[in-house]
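K.L.:
let's see this in three dimensions:
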Amino acid sequence: MLAEDAQVYVISVAAELAGMHPQTLRQYDRLGIVSPRRTRGRGRRYSWRDIEQLREVHRLSQDEGVNLAGIKRILDLEAEVARLTQQVEYLRSFAEPGRRVFTAGPTGDVIAMRRGQRARMGEQRSTGGAIVLWRPTRRTEITYR
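P.N.:
Next up is the predicted model:
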């Protein structure tokens, strides 16, 4: 059995499995809606996950009446939710019942500490291995160190 991410289907096979014309797949690739991996010769190779995504695009377009810009936005938001869900699960792996997991670093950053690690007051160097969860800037973002 192949993995969902195995890039094995050429465009004609992927189009047939998704119930679409190959030109439609090319258009979706150009628009960044479903972008398969490329071979050295620049040929498209689709995975089963790509084909499932193509089917979802088709469903949203035909059954729900969503335009391509809306579909792209929906797919981007779903990818963001999946990324954030994975990040939450990662941060939960730090948690132990009754223990503090987050603290403020010397620069004011909110950081996740390793089990048993405590931030030292007045420490001016980087908290090696810590994850910066929030940094007070104009644009809030989550970064990894």
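K.L.:
in this structure, which spans are strands?
P.N.:
Ranges of strands in the chain, per DSSP state E, are 37-38, 44-45, 102-104, 110-112, 131-134.
K.L.:
lowest average pLDDT across these?
P.N.:
Of all the strands of the chain, the minimum mean pLDDT falls on strand 131-134 (a mean of 52).
K.L.:
okay, the closest residue to residue 53 other than its chain neighbours: pLDDT?
P.N.:
Excluding the flanking residues, the one nearest residue 53 by CB to CB, 6 or more residues apart in numbering is residue 34, at 5.1 Å. C-beta: built from backbone N, CA, C; applies to glycine. On the pLDDT scale, residue 34 is placed at 93.
K.L.:
so what does residue 34 have for phi and psi?
P.N.:
phi -130, psi 110 (degrees, to the nearest 10).
K.L.:
count of neighbours near it?
P.N.:
25 (other CB atoms under 10 Å).
K.L.:
show me how the chain divides into domains.
P.N.:
11-89, 95-145 (automatic domain parsing).
K.L.:
where among these is average confidence lowest?
P.N.:
domain 95-145 (a mean of 57).
K.L.:
quick one on the thing from earlier: thought the residue nearest to residue 53 was touching residue 47?
P.N.:
No. The criterion here is CB atoms under 8 Å, and residue 34 misses it with residue 47 at 10.3 Å.
K.L.:
what do these two both touch?
P.N.:
Residues touching both residue 34 and residue 47 (CB atoms under 8 Å, 6 or more residues apart in numbering): there are none.
K.L.:
okay, helices next: where are they in the protein?
P.N.:
11-18, 22-31, 48-62, 68-92 (DSSP state H).
K.L.:
which residue comes closest to residue 29 once chain neighbours are left out?
P.N.:
Closest to residue 29 by CB to CB, 6+ apart is residue 35, at 5.4 Å.
K.L.:
much appreciated, bye for now.
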